[in-house]
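Chemist: what's the 3D shape of this:
(one chain, ligands or ions: 1)
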Amino acid sequence: MSSNAISEIIHKNRINMKLSQKELGERVGVSNRAVSKWENGLSYPGTETCLKLAELFKISFDALLSGETVSERNWQNHSGMESLRELYRIGRGPSSSHSMAPEKACLMFREENLHADSFKIILYGSLAKMGKGHMTEYVINRVFKNRNFEIVFDHDNKNLPHPNTMDCYAYTDGKQTDFWRVLSVGGGKFVIDGRHRRESAAVYELSKFTEIAAFCRRKKMRIWQYVEMCEGSEIFEYLHEIWNCMKESIAEGLSSTGTLPGGLDVQKKANYLYTRHHIDESSETRENRLVCAYAFAVSEQNASSEIVVTAPTCGASGVLPAVMYYQQERRGFSDEEIVHALATAGVVGNIIKSNASISGAECGCQAEIGSACSMAAAALAELLGMNLEQIEYAAEVAMEHHLGLTCDPIHSLVQIPCIERNAVAAMRAINAVSLANFLSGSRKISFDLVVKTMYETGRDMSRSYRETSEGGLAKLYL
Ligand code: SF4
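Modeler: Below you'll find the predicted structure:
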């Protein structure tokens with residue numbers, strides 16, 4: 001991110017909205033001189049002002065920083081999607097932006113400064129505000145343990161290029177030898193300010209379900225074959241790695257007991273659910289109990305800052321593995337079949353990410369858990385050999401009934417309501433596939449339409465319900 005990117009985006013959006021510098025300043029509570037300085041690259045708006053600008057321009061923080069205009073972030077004009085490697089990432093929970101990206105950035109910084117004798121990390125904006133609940137401090141402590149370092153929480157600096165900004169300093173003999181300004185821009189990605197931002201190339205030319213389905217029908221291929229065509233067969237090696245990591249998270253989560261960190265005194269329940277088996281248990285109850293146990297296992301690993309896979313985010317990382325693991329256990333699907341299902345789920349997640357959002361901070365929990373549920377439903381439909389129409393129906397139903405779901409985690413911890421929500425969404429994905437099996441012929445709503453609806457609903461949602469812990473359960477919980 002450079003100052004030019006912000007300057008341009010503010011200028012372009014202001015002109016698009018036909019506002020003078022004075023009018024824009026009034027809308028976000030600053031002087032016309034401040035707006036003029038931003039547009040000329042002489043200063044940056046602070047975190048709170050960035051929030052207001054993004055709100056006003058109806059764009060995300062990422063878009064604000066990347067120079068994307070209102071008309072560019074437009075459903076009809078969007079084309080192309082990134083590799084599934086950018087969607088499924090392995091890293092430490094509980095938050096892709098607050099723990100996963102800062103940890104990776106600090107590891108890189110440490111590796112590039114092997115001979116430094118001390119380090120200082122300063123957290124700003126949301127990293128400072130949520131840094132304890134979302135475990136930024138914890139992961140940094142892990143990276144620099146046995147080294148001489150300090151972490152500073154700076155709550156005062158508002159003049160930041162991004163709400164998730166951190167500064168990394170390295171010293172030798174008391175002299176500063178290196179400095180990085182790191183911006184954690186979402187989904188586990190980070191950018192080092194001043195370094196060229198390598199944009200991931202669009203490896204998928206198509207980005208709507210309707211287009212992809214039409215292509216697959218024409219070529220008589222399944223969605224996972226479309227993935228192979230676009231990414232090459234190496235993508236399956238990567239997805240095998242992803243699947244192995246998911247299975248490890250489940251196994252470790254099931255054997256872990258005790259209380260989750262963070263002070264809410266939430267007991268881990270995966271092991272309890274897994275072992276509560278009755279001799280006369282019905283098959284339905286067993287399915288429910290086990291699927292939920294697996295979803296709890298991954299989500300509790302995530303809340304404990306252990307390694308998980310973003311699917312599509314850390315907070316929603318339990319839904320897809322729970323559904324896949326149960327199916328493999330029950331019906332004996334091979335790892336290869338599961339990997340193909342993950343490819344189909346990845347396309348569904350990618351469509352949502354590219355045309356709408358998978359960020360709770362941008363569109364509420366519908367964008368995280370709703371997306372995870374759609375991905376899991378599509379994966380299960382793929383696994384069961386359902387046709388394209390049924391896969392679409394399953395993914396659509398899964399998202400449709402999460403529309404409007406807010407994000408309001410108590411104490412900023414990814415625990416309540418997040419963990420149970422993963423379990424409920426996993427069951428809902430299975431229900432969506434059952435419906436699709438019977439009813440896909442009568443479908444009225446397309447997957448693309450429901451994704452567009454989710455995005456608009458998210459943009460209309462009050463900021464209190466978009467990962468600020470200022471509304472809902474977070475506000476009313478005593
Ligand atoms: S409530 Fe918020 S933090 Fe929790 S899973 Fe949903 S989007 Fe993520």
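Chemist: ok, the residue of the stretch 151-300 of the chain found nearest the ligand - how many residues close by?
Modeler: Closest residue of the stretch 151-300 of the chain to the ligand, C-beta to the nearest ligand atom: residue 299 (8.4 Å). In this view, the C-beta of every residue, glycine as well, is placed from N, C-alpha and C. Neighbourhood size, residue 299 [other C-beta atoms under 10 Å]: 35.
Chemist: what's the burial count for residue 145?
Modeler: Other residues close to residue 145 by other C-beta under 10 Å number 8.
Chemist: now swap in residue 168 and tell me
Modeler: 24.
Chemist: looking at the helix or strand where it lies now, give me its mean pLDDT.
Modeler: Counting by DSSP states H and E, the element that carries residue 168 is strand 165-172. Throughout strand 165-172, pLDDT has a mean value of 96.
Chemist: tell me which residues are up against it.
Modeler: For strand 165-172, the external contacting residues (C-beta atoms under 8 Å, 6 or more residues apart in numbering) are 102, 105-106, 109, 113, 115-125, 127, 136, 176-184.
Chemist: can you dump the C-alpha atoms of it in PDB for me?
Modeler: What follows is strand 165-172, C-alpha atoms only, in PDB (Å, rounded to 0.1, in the frame of the first residue of the first chain):
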ATOM      1  CA  THR A 165      -1.100  -1.700  11.300                       C
ATOM      2  CA  MET A 166       2.000  -2.800  13.200                       C
ATOM      3  CA  ASP A 167       5.600  -1.600  13.200                       C
ATOM      4  CA  CYS A 168       8.600  -4.000  13.500                       C
ATOM      5  CA  TYR A 169      12.000  -2.700  14.600                       C
ATOM      6  CA  ALA A 170      15.300  -4.700  14.800                       C
ATOM      7  CA  TYR A 171      18.300  -3.400  16.700                       C
ATOM      8  CA  THR A 172      22.000  -4.300  17.100                       C
END
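Chemist: for the chain, longest strand please?
Modeler: strand 175-186 (DSSP state E).
Chemist: can you list the strands that it pairs with?
Modeler: Strand 175-186 has the following strand partners under DSSP bridges: strand 165-172 (antiparallel), strand 189-192 (antiparallel).
Chemist: TSV please, covering the ones you listed and showing distance to the ligand.
Modeler: Shown next, in TSV, are the strands paired with strand 175-186 (distance: least, C-beta to the nearest ligand atom, whole Å):
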stretch	distance to the ligand
strand 165-172	20
strand 189-192	17
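Chemist: give me the nearest residue to the residue in the stretch 1-150 of the chain that the ligand sits nearest to, chain neighbours excluded.
Modeler: Closest to the ligand within the stretch 1-150 of the chain is residue 95: 7.4 Å, counting by C-beta to the nearest ligand atom. Spatial nearest neighbour of residue 95, chain neighbours left out: residue 134 (4.4 Å); criterion: C-beta to C-beta, 6 or more residues apart in numbering.
Chemist: can you confirm the one you found is in a helix?
Modeler: No: according to DSSP: H, G, I helix; E, B strand; the rest coil, the state of residue 134 is coil, so it is not within a helix.
Chemist: would you map the strands across the chain?
Modeler: Under DSSP E, the chain gives strands at 90-92, 118-124, 149-154, 165-172, 175-186, 189-192, 307-309.
Chemist: okay, buried residues for the last one please.
Modeler: Within strand 307-309, the residues that qualify as buried are 308, 309, counting by 16 or more other C-beta atoms under 10 Å.
Chemist: could you list the paired strands of that strand along with their orientation?
Modeler: Next to strand 307-309 in the sheet, as set by DSSP bridges, lie strand 90-92 (antiparallel).
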